[in-house]
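Asker: coords please:
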Amino acid sequence: MKLFNLFALALFTFTALVGAAPVLMDGVAAVVDGKPIMRSEFMNSLYQFQETPEGSAMSEEQQKDYVLERLIEEKVLLSRIDRDSIVISNAEVDQRVTAHLTQLAASQNIDLATLEKAVRTQLGVSMAQYRDQLSKQVRSHMEIARVRQMHVGSVNPTKKEVEAFYKAYKDSLPRQYNCVLLSHIQIPIVPDSMVVDSVKNVAETLIDSLNLGMNFELLAKRHSQDSSAEKGGDLGYFKRGLLDPAFERALDQLKNGQYSSYPVKTNQGWHIPRVLGRKEDGVRSAQILLRTIPTAKDSAAVIARADSLKQNIKTKEQFAAAAKKFSEDKSSNFQGGLLGWYQKNEMEPAYVDPVANLNVGEVSEPVLIDGAYHLFRLDDARQIRELTMEEDYGKIENLAANHMENEKLEALVKKWRQEVHVDIRMKE
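Answerer: Reported below is the predicted structural model:
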(Lines give C-alpha, C1' and ligand atoms only; values in the text may rest on other atoms or scores of the structure.)
Protein backbone atom coordinates (compact mmCIF):
# COMPACT_ATOMS: atom_id res chain seq x y z
CA MET A 1 0.00 0.00 0.00
CA LYS A 2 2.83 2.33 0.85
CA LEU A 3 4.46 1.80 -2.57
CA PHE A 4 1.19 2.48 -4.39
CA ASN A 5 0.65 5.77 -2.59
CA LEU A 6 4.02 7.02 -3.71
CA PHE A 7 3.64 6.45 -7.42
CA ALA A 8 -0.02 7.33 -7.32
CA LEU A 9 1.19 10.84 -6.50
CA ALA A 10 3.68 10.79 -9.37
CA LEU A 11 1.27 9.32 -11.91
CA PHE A 12 -2.21 10.41 -10.89
CA THR A 13 -3.32 11.06 -14.45
CA PHE A 14 -2.49 7.52 -15.52
CA THR A 15 -4.24 5.82 -12.61
CA ALA A 16 -7.27 8.05 -13.19
CA LEU A 17 -7.37 7.02 -16.84
CA VAL A 18 -7.28 3.28 -16.14
CA GLY A 19 -9.84 3.59 -13.34
CA ALA A 20 -12.33 6.05 -14.86
CA ALA A 21 -15.91 5.00 -15.57
CA PRO A 22 -16.71 4.62 -19.33
CA VAL A 23 -19.45 7.27 -19.21
CA LEU A 24 -16.82 9.92 -18.51
CA MET A 25 -15.10 9.22 -21.81
CA ASP A 26 -17.93 10.72 -23.91
CA GLY A 27 -17.97 14.30 -25.12
CA VAL A 28 -15.74 17.27 -25.71
CA ALA A 29 -15.44 19.86 -22.96
CA ALA A 30 -13.72 22.51 -25.10
CA VAL A 31 -11.69 23.01 -28.27
CA VAL A 32 -8.56 25.17 -28.19
CA ASP A 33 -6.83 26.04 -31.45
CA GLY A 34 -8.40 22.96 -33.05
CA LYS A 35 -7.29 20.63 -30.22
CA PRO A 36 -10.00 19.07 -28.02
CA ILE A 37 -10.16 18.89 -24.24
CA MET A 38 -12.10 15.67 -23.67
CA ARG A 39 -14.70 15.49 -20.95
CA SER A 40 -12.79 12.56 -19.42
CA GLU A 41 -9.64 14.71 -19.24
CA PHE A 42 -11.63 17.46 -17.54
CA MET A 43 -13.25 15.08 -15.02
CA ASN A 44 -9.95 13.39 -14.13
CA SER A 45 -8.34 16.78 -13.49
CA LEU A 46 -11.38 17.87 -11.50
CA TYR A 47 -11.20 14.81 -9.24
CA GLN A 48 -7.52 15.49 -8.62
CA PHE A 49 -8.09 19.17 -7.87
CA GLN A 50 -10.91 18.39 -5.44
CA GLU A 51 -8.42 16.50 -3.27
CA THR A 52 -6.21 19.57 -2.79
CA PRO A 53 -6.63 22.11 0.03
CA GLU A 54 -7.20 24.84 -2.57
CA GLY A 55 -9.93 22.86 -4.31
CA SER A 56 -11.71 21.78 -1.13
CA ALA A 57 -12.20 25.44 -0.18
CA MET A 58 -14.21 26.12 -3.36
CA SER A 59 -17.77 25.33 -4.35
CA GLU A 60 -18.29 22.68 -7.04
CA GLU A 61 -19.02 25.31 -9.69
CA GLN A 62 -15.86 27.23 -8.76
CA GLN A 63 -13.86 24.01 -8.94
CA LYS A 64 -15.15 23.29 -12.44
CA ASP A 65 -14.47 26.81 -13.69
CA TYR A 66 -10.96 26.79 -12.24
CA VAL A 67 -10.03 23.37 -13.68
CA LEU A 68 -11.41 24.16 -17.15
CA GLU A 69 -9.51 27.45 -17.24
CA ARG A 70 -6.27 25.67 -16.30
CA LEU A 71 -6.77 23.06 -19.02
CA ILE A 72 -7.52 25.77 -21.60
CA GLU A 73 -4.38 27.65 -20.59
CA GLU A 74 -2.34 24.46 -20.93
CA LYS A 75 -3.70 23.86 -24.43
CA VAL A 76 -2.98 27.50 -25.35
CA LEU A 77 0.56 26.95 -24.14
CA LEU A 78 0.90 23.74 -26.13
CA SER A 79 -0.38 25.56 -29.24
CA ARG A 80 3.02 27.27 -29.32
CA ILE A 81 4.76 23.95 -30.09
CA ASP A 82 4.03 24.10 -33.83
CA ARG A 83 4.36 27.88 -34.01
CA ASP A 84 7.82 27.78 -32.42
CA SER A 85 8.94 24.64 -34.33
CA ILE A 86 9.74 22.80 -31.12
CA VAL A 87 10.71 19.15 -31.66
CA ILE A 88 11.32 16.63 -28.88
CA SER A 89 12.68 13.27 -30.00
CA ASN A 90 11.42 9.90 -28.81
CA ALA A 91 14.91 9.22 -27.48
CA GLU A 92 14.76 12.28 -25.20
CA VAL A 93 11.37 11.21 -23.84
CA ASP A 94 12.48 7.62 -23.32
CA GLN A 95 15.61 8.75 -21.48
CA ARG A 96 13.52 10.94 -19.15
CA VAL A 97 11.02 8.13 -18.48
CA THR A 98 13.82 5.66 -17.69
CA ALA A 99 15.45 8.15 -15.31
CA HIS A 100 12.10 8.72 -13.57
CA LEU A 101 11.48 4.99 -13.10
CA THR A 102 15.04 4.40 -11.90
CA GLN A 103 14.76 7.17 -9.32
CA LEU A 104 11.32 5.93 -8.23
CA ALA A 105 12.70 2.42 -7.67
CA ALA A 106 15.76 3.75 -5.84
CA SER A 107 13.64 5.92 -3.53
CA GLN A 108 11.81 2.73 -2.46
CA ASN A 109 15.04 0.74 -2.21
CA ILE A 110 13.82 -1.77 -4.80
CA ASP A 111 15.03 -2.81 -8.26
CA LEU A 112 13.22 -2.20 -11.55
CA ALA A 113 12.00 -5.81 -11.73
CA THR A 114 10.23 -5.40 -8.37
CA LEU A 115 8.77 -2.08 -9.52
CA GLU A 116 7.43 -3.77 -12.66
CA LYS A 117 5.69 -6.41 -10.55
CA ALA A 118 4.17 -3.69 -8.36
CA VAL A 119 2.88 -1.85 -11.43
CA ARG A 120 1.25 -5.00 -12.79
CA THR A 121 -0.23 -5.98 -9.41
CA GLN A 122 -1.42 -2.61 -8.17
CA LEU A 123 -2.36 -0.86 -11.42
CA GLY A 124 -3.32 -3.91 -13.48
CA VAL A 125 -1.24 -2.94 -16.52
CA SER A 126 2.03 -4.06 -18.07
CA MET A 127 5.22 -2.04 -17.76
CA ALA A 128 5.00 -1.32 -21.51
CA GLN A 129 1.53 0.21 -21.09
CA TYR A 130 2.71 2.08 -18.01
CA ARG A 131 5.71 3.51 -19.87
CA ASP A 132 3.54 4.48 -22.85
CA GLN A 133 1.16 6.55 -20.72
CA LEU A 134 4.01 8.04 -18.72
CA SER A 135 5.78 8.96 -21.98
CA LYS A 136 2.76 11.01 -23.09
CA GLN A 137 2.81 12.96 -19.83
CA VAL A 138 6.58 13.43 -19.95
CA ARG A 139 6.45 14.68 -23.56
CA SER A 140 3.76 17.22 -22.65
CA HIS A 141 5.79 18.45 -19.67
CA MET A 142 8.94 18.70 -21.80
CA GLU A 143 7.11 20.65 -24.51
CA ILE A 144 5.75 23.11 -21.96
CA ALA A 145 9.23 23.45 -20.45
CA ARG A 146 10.70 24.23 -23.92
CA VAL A 147 8.06 26.89 -24.58
CA ARG A 148 8.71 28.32 -21.14
CA GLN A 149 12.47 28.40 -21.69
CA MET A 150 12.10 30.00 -25.12
CA HIS A 151 9.76 32.80 -24.05
CA VAL A 152 10.50 33.29 -20.35
CA GLY A 153 14.00 31.96 -19.81
CA SER A 154 15.54 31.71 -16.34
CA VAL A 155 14.86 34.22 -13.58
CA ASN A 156 17.53 34.87 -10.95
CA PRO A 157 15.82 36.60 -8.03
CA THR A 158 17.79 38.91 -5.76
CA LYS A 159 18.10 38.17 -2.06
CA LYS A 160 15.57 40.92 -1.41
CA GLU A 161 13.11 39.29 -3.82
CA VAL A 162 13.62 35.87 -2.20
CA GLU A 163 13.01 37.35 1.25
CA ALA A 164 9.85 39.11 0.02
CA PHE A 165 8.60 35.87 -1.54
CA TYR A 166 9.24 33.95 1.68
CA LYS A 167 7.44 36.55 3.76
CA ALA A 168 4.42 36.54 1.43
CA TYR A 169 4.11 32.77 0.96
CA LYS A 170 5.72 31.32 4.10
CA ASP A 171 2.50 29.69 5.32
CA SER A 172 1.80 27.99 1.99
CA LEU A 173 5.29 26.68 1.19
CA PRO A 174 5.47 22.88 0.94
CA ARG A 175 6.51 20.99 4.05
CA GLN A 176 9.18 18.31 4.00
CA TYR A 177 8.29 14.81 5.20
CA ASN A 178 10.51 11.92 6.33
CA CYS A 179 13.65 13.97 5.76
CA VAL A 180 17.33 13.87 6.68
CA LEU A 181 20.08 16.47 7.03
CA LEU A 182 23.32 15.26 5.44
CA SER A 183 26.96 16.29 5.24
CA HIS A 184 29.68 14.59 3.26
CA ILE A 185 33.39 14.47 2.49
CA GLN A 186 34.30 13.75 -1.13
CA ILE A 187 37.76 12.42 -1.94
CA PRO A 188 38.35 11.77 -5.65
CA ILE A 189 40.55 8.97 -6.93
CA VAL A 190 43.40 10.78 -8.65
CA PRO A 191 45.83 8.92 -10.95
CA ASP A 192 49.51 9.22 -10.10
CA SER A 193 51.84 11.45 -12.09
CA MET A 194 53.22 8.59 -14.21
CA VAL A 195 49.77 7.82 -15.62
CA VAL A 196 49.04 11.53 -16.22
CA ASP A 197 52.35 12.07 -18.02
CA SER A 198 52.06 8.96 -20.19
CA VAL A 199 48.56 9.92 -21.40
CA LYS A 200 49.77 13.46 -22.09
CA ASN A 201 52.51 12.03 -24.31
CA VAL A 202 49.89 10.14 -26.34
CA ALA A 203 47.83 13.33 -26.72
CA GLU A 204 50.90 15.24 -27.94
CA THR A 205 51.56 12.47 -30.48
CA LEU A 206 48.02 12.86 -31.82
CA ILE A 207 48.53 16.61 -32.15
CA ASP A 208 51.67 15.89 -34.16
CA SER A 209 49.56 13.68 -36.45
CA LEU A 210 47.02 16.50 -36.89
CA ASN A 211 49.84 18.88 -37.76
CA LEU A 212 50.94 16.43 -40.46
CA GLY A 213 47.49 16.57 -42.03
CA MET A 214 45.58 13.73 -40.38
CA ASN A 215 41.80 14.20 -40.27
CA PHE A 216 40.49 15.34 -36.84
CA GLU A 217 37.19 13.44 -37.12
CA LEU A 218 39.00 10.21 -38.06
CA LEU A 219 41.41 10.47 -35.12
CA ALA A 220 38.54 11.26 -32.75
CA LYS A 221 36.63 8.15 -33.90
CA ARG A 222 39.72 6.00 -33.40
CA HIS A 223 41.09 7.41 -30.15
CA SER A 224 38.61 9.62 -28.23
CA GLN A 225 37.37 7.89 -25.07
CA ASP A 226 33.92 9.45 -24.78
CA SER A 227 30.49 9.27 -26.41
CA SER A 228 31.37 11.98 -28.95
CA ALA A 229 33.86 9.67 -30.65
CA GLU A 230 31.23 8.16 -32.98
CA LYS A 231 30.42 11.72 -34.16
CA GLY A 232 34.03 12.57 -34.87
CA GLY A 233 34.43 14.30 -31.51
CA ASP A 234 31.54 16.74 -32.08
CA LEU A 235 30.23 17.94 -28.68
CA GLY A 236 27.52 20.16 -30.10
CA TYR A 237 26.69 23.68 -28.99
CA PHE A 238 27.18 24.80 -25.37
CA LYS A 239 26.51 28.16 -23.81
CA ARG A 240 29.44 29.84 -22.09
CA GLY A 241 30.01 28.61 -18.55
CA LEU A 242 28.70 25.07 -19.06
CA LEU A 243 31.99 23.41 -20.02
CA ASP A 244 35.09 22.88 -17.91
CA PRO A 245 36.84 26.26 -17.37
CA ALA A 246 40.20 25.01 -18.68
CA PHE A 247 38.52 23.60 -21.80
CA GLU A 248 36.65 26.88 -22.39
CA ARG A 249 39.81 28.95 -21.96
CA ALA A 250 41.49 26.87 -24.67
CA LEU A 251 38.49 27.36 -27.00
CA ASP A 252 38.69 31.13 -26.46
CA GLN A 253 42.15 31.09 -28.06
CA LEU A 254 41.00 29.30 -31.21
CA LYS A 255 39.39 30.45 -34.45
CA ASN A 256 36.66 28.49 -36.22
CA GLY A 257 38.04 25.17 -37.48
CA GLN A 258 41.23 25.35 -35.39
CA TYR A 259 42.33 22.75 -32.84
CA SER A 260 44.54 23.37 -29.81
CA SER A 261 48.28 23.10 -30.31
CA TYR A 262 48.65 21.60 -26.82
CA PRO A 263 46.59 19.11 -24.77
CA VAL A 264 44.29 20.53 -22.09
CA LYS A 265 44.02 18.88 -18.65
CA THR A 266 40.70 18.44 -16.80
CA ASN A 267 39.45 15.95 -14.21
CA GLN A 268 38.49 13.62 -17.07
CA GLY A 269 41.94 13.49 -18.62
CA TRP A 270 43.73 15.20 -21.53
CA HIS A 271 41.67 16.91 -24.25
CA ILE A 272 42.50 18.16 -27.72
CA PRO A 273 39.81 20.86 -28.20
CA ARG A 274 38.59 22.17 -31.56
CA VAL A 275 36.17 25.00 -32.44
CA LEU A 276 33.52 24.10 -35.02
CA GLY A 277 31.52 27.34 -34.87
CA ARG A 278 30.44 30.19 -32.63
CA LYS A 279 27.30 32.00 -31.54
CA GLU A 280 27.06 35.16 -29.53
CA ASP A 281 26.59 33.33 -26.21
CA GLY A 282 28.47 30.09 -26.82
CA VAL A 283 30.45 27.78 -29.04
CA ARG A 284 30.11 24.50 -30.91
CA SER A 285 33.19 22.43 -30.23
CA ALA A 286 34.77 19.02 -30.73
CA GLN A 287 37.40 17.09 -28.84
CA ILE A 288 39.65 14.10 -28.67
CA LEU A 289 39.58 12.92 -25.05
CA LEU A 290 42.18 10.60 -23.58
CA ARG A 291 41.19 9.61 -20.07
CA THR A 292 43.64 9.41 -17.19
CA ILE A 293 42.40 6.27 -15.48
CA PRO A 294 43.58 5.64 -11.89
CA THR A 295 45.25 2.36 -11.05
CA ALA A 296 44.16 -0.10 -8.36
CA LYS A 297 46.95 1.32 -6.21
CA ASP A 298 45.50 4.83 -6.55
CA SER A 299 42.07 3.56 -5.47
CA ALA A 300 43.50 1.67 -2.50
CA ALA A 301 45.29 4.81 -1.30
CA VAL A 302 42.05 6.82 -1.31
CA ILE A 303 40.12 4.07 0.49
CA ALA A 304 42.80 3.95 3.18
CA ARG A 305 42.65 7.72 3.53
CA ALA A 306 38.86 7.72 3.82
CA ASP A 307 38.94 4.86 6.37
CA SER A 308 41.47 6.78 8.44
CA LEU A 309 39.27 9.89 8.42
CA LYS A 310 36.24 7.87 9.52
CA GLN A 311 38.12 6.32 12.43
CA ASN A 312 39.39 9.68 13.66
CA ILE A 313 36.16 11.69 13.32
CA LYS A 314 34.17 11.60 16.56
CA THR A 315 32.19 14.86 16.56
CA LYS A 316 30.27 17.08 14.16
CA GLU A 317 32.96 19.74 14.53
CA GLN A 318 35.69 17.26 13.57
CA PHE A 319 33.70 16.17 10.52
CA ALA A 320 33.21 19.79 9.41
CA ALA A 321 36.92 20.54 9.87
CA ALA A 322 37.89 17.46 7.82
CA ALA A 323 35.45 18.43 5.07
CA LYS A 324 36.94 21.92 4.83
CA LYS A 325 40.45 20.47 4.65
CA PHE A 326 40.05 17.34 2.53
CA SER A 327 36.75 17.38 0.59
CA GLU A 328 37.00 18.21 -3.11
CA ASP A 329 33.30 19.14 -3.41
CA LYS A 330 33.60 22.90 -3.81
CA SER A 331 29.84 23.41 -3.43
CA SER A 332 29.86 22.10 0.14
CA ASN A 333 33.39 21.94 1.59
CA PHE A 334 33.47 25.61 2.59
CA GLN A 335 30.50 24.99 4.91
CA GLY A 336 31.85 21.83 6.49
CA GLY A 337 30.50 19.44 3.87
CA LEU A 338 26.86 20.38 4.50
CA LEU A 339 24.58 19.06 1.73
CA GLY A 340 21.33 20.19 3.32
CA TRP A 341 17.93 18.59 3.93
CA TYR A 342 16.54 15.84 1.70
CA GLN A 343 13.21 14.06 1.69
CA LYS A 344 14.16 10.39 1.58
CA ASN A 345 12.03 9.73 -1.49
CA GLU A 346 13.79 12.58 -3.36
CA MET A 347 17.39 11.76 -2.44
CA GLU A 348 20.06 11.18 -5.03
CA PRO A 349 19.81 7.41 -5.77
CA ALA A 350 23.50 6.94 -4.94
CA TYR A 351 22.96 8.43 -1.47
CA VAL A 352 20.15 6.09 -0.43
CA ASP A 353 22.04 2.95 0.59
CA PRO A 354 24.98 4.64 2.39
CA VAL A 355 22.68 6.57 4.77
CA ALA A 356 19.79 4.09 5.07
CA ASN A 357 20.93 2.54 8.36
CA LEU A 358 22.72 5.51 9.94
CA ASN A 359 21.61 6.94 13.26
CA VAL A 360 21.86 10.68 13.86
CA GLY A 361 25.51 11.57 14.43
CA GLU A 362 26.94 8.49 12.70
CA VAL A 363 29.31 8.48 9.71
CA SER A 364 28.95 5.99 6.85
CA GLU A 365 31.57 3.64 5.50
CA PRO A 366 33.43 5.03 2.46
CA VAL A 367 31.28 4.61 -0.67
CA LEU A 368 32.38 4.97 -4.30
CA ILE A 369 30.23 7.40 -6.34
CA ASP A 370 31.30 8.77 -9.74
CA GLY A 371 35.02 8.23 -9.29
CA ALA A 372 35.29 9.54 -5.72
CA TYR A 373 34.92 8.05 -2.24
CA HIS A 374 32.36 9.72 0.01
CA LEU A 375 31.82 9.72 3.76
CA PHE A 376 28.27 10.70 4.74
CA ARG A 377 27.23 12.00 8.15
CA LEU A 378 23.60 11.98 9.27
CA ASP A 379 23.32 15.31 11.06
CA ASP A 380 19.59 15.22 11.82
CA ALA A 381 16.33 13.44 10.89
CA ARG A 382 12.73 14.63 11.15
CA GLN A 383 9.32 13.33 10.15
CA ILE A 384 7.96 16.81 9.33
CA ARG A 385 9.70 20.15 8.96
CA GLU A 386 9.01 23.63 7.58
CA LEU A 387 11.32 25.36 5.11
CA THR A 388 13.41 28.13 6.68
CA MET A 389 15.56 30.87 5.17
CA GLU A 390 18.51 29.76 7.32
CA GLU A 391 18.57 26.09 6.27
CA ASP A 392 16.77 26.07 2.92
CA TYR A 393 17.70 29.30 1.15
CA GLY A 394 18.52 27.47 -2.10
CA LYS A 395 15.16 25.68 -2.19
CA ILE A 396 13.26 28.89 -1.38
CA GLU A 397 15.27 30.76 -4.01
CA ASN A 398 14.22 28.15 -6.59
CA LEU A 399 10.58 28.42 -5.50
CA ALA A 400 10.77 32.21 -5.78
CA ALA A 401 12.34 31.99 -9.24
CA ASN A 402 9.66 29.52 -10.35
CA HIS A 403 6.93 31.83 -9.03
CA MET A 404 8.35 34.81 -10.91
CA GLU A 405 8.70 32.76 -14.09
CA ASN A 406 5.09 31.59 -13.74
CA GLU A 407 3.88 35.17 -13.44
CA LYS A 408 5.67 36.07 -16.68
CA LEU A 409 4.32 32.95 -18.39
CA GLU A 410 0.74 33.63 -17.23
CA ALA A 411 0.90 37.09 -18.79
CA LEU A 412 2.09 35.57 -22.08
CA VAL A 413 -0.64 32.90 -22.02
CA LYS A 414 -3.31 35.58 -21.60
CA LYS A 415 -1.89 37.33 -24.64
CA TRP A 416 -1.66 34.09 -26.68
CA ARG A 417 -5.22 33.16 -25.75
CA GLN A 418 -6.43 36.16 -27.73
CA GLU A 419 -4.64 34.77 -30.79
CA VAL A 420 -6.31 31.33 -30.84
CA HIS A 421 -9.92 30.18 -31.11
CA VAL A 422 -11.40 28.79 -27.86
CA ASP A 423 -14.76 27.01 -28.07
CA ILE A 424 -16.21 25.93 -24.70
CA ARG A 425 -18.75 23.17 -25.38
CA MET A 426 -19.37 21.61 -21.99
CA LYS A 427 -22.80 22.42 -20.65
CA GLU A 428 -23.76 21.68 -17.08
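
Asker: can you report how many residues lie near Asp111?
Answerer: 11 (other CB atoms under 10 Å). For every residue, glycine as well, the C-beta is placed using N, CA and C.

Asker: also Val147?
Answerer: Neighbours of Val147 (other CB under 10 Å): 22.

Asker: mind checking the SS state of it?
Answerer: Val147 falls in the helix class when you classify it by DSSP: H, G, I helix; E, B strand; the rest coil.

Asker: let's see the pLDDT reported for the closest residue to it other than its chain neighbours.
Answerer: Distances taken as CB to CB, 6 or more residues apart in numbering place Arg80 nearest to Val147, at 4.7 Å, with adjacent residues excluded. pLDDT for Arg80: 87.

Asker: correct me if wrong: Arg80 contacts Ile86.
Answerer: Yes. Arg80 sits in contact with Ile86 when judged by CB atoms under 8 Å, with a separation of 7.5 Å.

Asker: tell me which of these two has more neighbours.
Answerer: Arg80 (23 against 17).

Asker: and the more buried one, what does it touch?
Answerer: Listed by CB atoms under 8 Å, 6 or more residues apart in numbering, the contact set of Arg80 reads 86, 147, 151, 416.

Asker: in space, what's closest to the first one - neighbours in sequence excluded?
Answerer: Put plainly, it is Ile86. Arg146 (4.8 Å).

Asker: from Ala350, how far off is that neighbour?
Answerer: Going from Arg146 to Ala350 by CB to CB, to the nearest Å gives 29 Å.

Asker: more neighbours, those two?
Answerer: Taking other CB under 10 Å, Arg146 and Ala350 do not tie; Arg146 has more neighbours (16 against 13).

Asker: strands along this structure, start to end?
Answerer: Ranges of strands in the chain, per DSSP state E, are 28-32, 35-38, 176-188, 234-239, 264-265, 269-279, 282-291, 338-343, 367-369, 372-385, 422-424.

Asker: parallel or antiparallel, list what pairs with the second one.
Answerer: In this case it means strand 35-38. Strand 35-38 has the following strand partners under DSSP bridges: strand 28-32 (antiparallel).

Asker: what lies in contact with stretch 162-174?
Answerer: For stretch 162-174, using CB under 8 Å, 6+ apart, the contacting residues are 157, 386-387, 389, 393, 396-397, 399-400, 403.

Asker: just those residues now: which is nearest Phe216?
Answerer: Glu397 (42.3 Å; CB to CB).

Asker: overlap of the contact sets of Arg80 and Ile86?
Answerer: What both Arg80 and Ile86 touch, as defined by CB under 8 Å, 6+ apart, is the set Val147.

Asker: show me where pLDDT drops low in the chain?
Answerer: 1-26, 427-428 (pLDDT under 70).

Asker: what's the closest non-adjacent residue to Arg120?
Answerer: Closest to Arg120 by CB to CB, 6+ apart is Ser126, at 6.3 Å.

Asker: next: Lys265.
Answerer: Ala246 (6.5 Å).

Asker: ditto for Tyr130
Answerer: Val119 (5.0 Å).

Asker: which one of the contacts of Arg80 is nearest Gln48?
Answerer: Val147 (22.7 Å).

Asker: ok, now which ones touch Asp33?
Answerer: Asp33 neighbours (CB under 8 Å, 6+ apart): 75-76, 79, 420-422.

Asker: and which of those residues is nearest to Thr102?
Answerer: Lys75 (31.0 Å).

Asker: tell me how far the closest one lies from Pro36.
Answerer: Relative to Pro36, and taking CB to CB, Lys75 is found at 9 Å.

Asker: now do Glu280
Answerer: 41 Å.

Asker: I'd like to know how many residues surround the nearest residue to Tyr237 once chain neighbours are set aside.
Answerer: Using CB to CB, 6+ apart and skipping the chain neighbours, the partner closest in space to Tyr237 is Arg284 (4.4 Å). Neighbours of Arg284 under the rule other CB under 10 Å: 17.

Asker: so how far is Thr114 from the residue nearest to Lys265?
Answerer: Distance from Ala246 to Thr114, by CB to CB: 43 Å.

Asker: give the bridge partners for the nearest residue to Arg382 once chain neighbours are set aside, please.
Answerer: Spatial nearest neighbour of Arg382, chain neighbours left out: Cys179 (5.8 Å); criterion: CB to CB, 6+ apart. When bridges are called by DSSP bridges, Cys179 pairs up with Gln343, Arg382.

Asker: tell me the contacts of Cys179?
Answerer: With CB under 8 Å, 6+ apart, Cys179 has these contacts: 341-344, 381-382, 385.

Asker: neighbour count winner among Glu280 and Pro36?
Answerer: Pro36 (15 against 5).

Asker: make sure that one is actually in contact with Val28.
Answerer: Yes. The criterion here is CB under 8 Å, and Pro36 meets it with Val28 at 4.8 Å.

Asker: identify each buried residue in stretch 41-60, please.
Answerer: Neighbour counts using 16 or more other CB atoms under 10 Å place 41-47, 49, 55, 58 of stretch 41-60 among the buried residues.

Asker: out of the residues you listed, which is nearest to Ala105?
Answerer: Asn44 (25.7 Å).

Asker: how many other residues sit next to Ala372?
Answerer: Residues near Ala372, counting by other CB under 10 Å: 20.

Asker: wait, it sits on Gln186?
Answerer: Yes. Assessed by CB under 8 Å, Ala372 is found in contact with Gln186 at 5.0 Å.

Asker: which neighbours do those two share?
Answerer: Counting by CB under 8 Å, 6+ apart, the common neighbours of Ala372 and Gln186 are Glu328.

Asker: ok, the closest residue to Asn256 other than its chain neighbours to Gln268 distance?
Answerer: Closest residue in space to Asn256, ignoring its immediate chain neighbours: Val275 at 5.5 Å, by CB to CB, 6+ apart. When distance is defined by CB to CB, Val275 is 19 Å away from Gln268.
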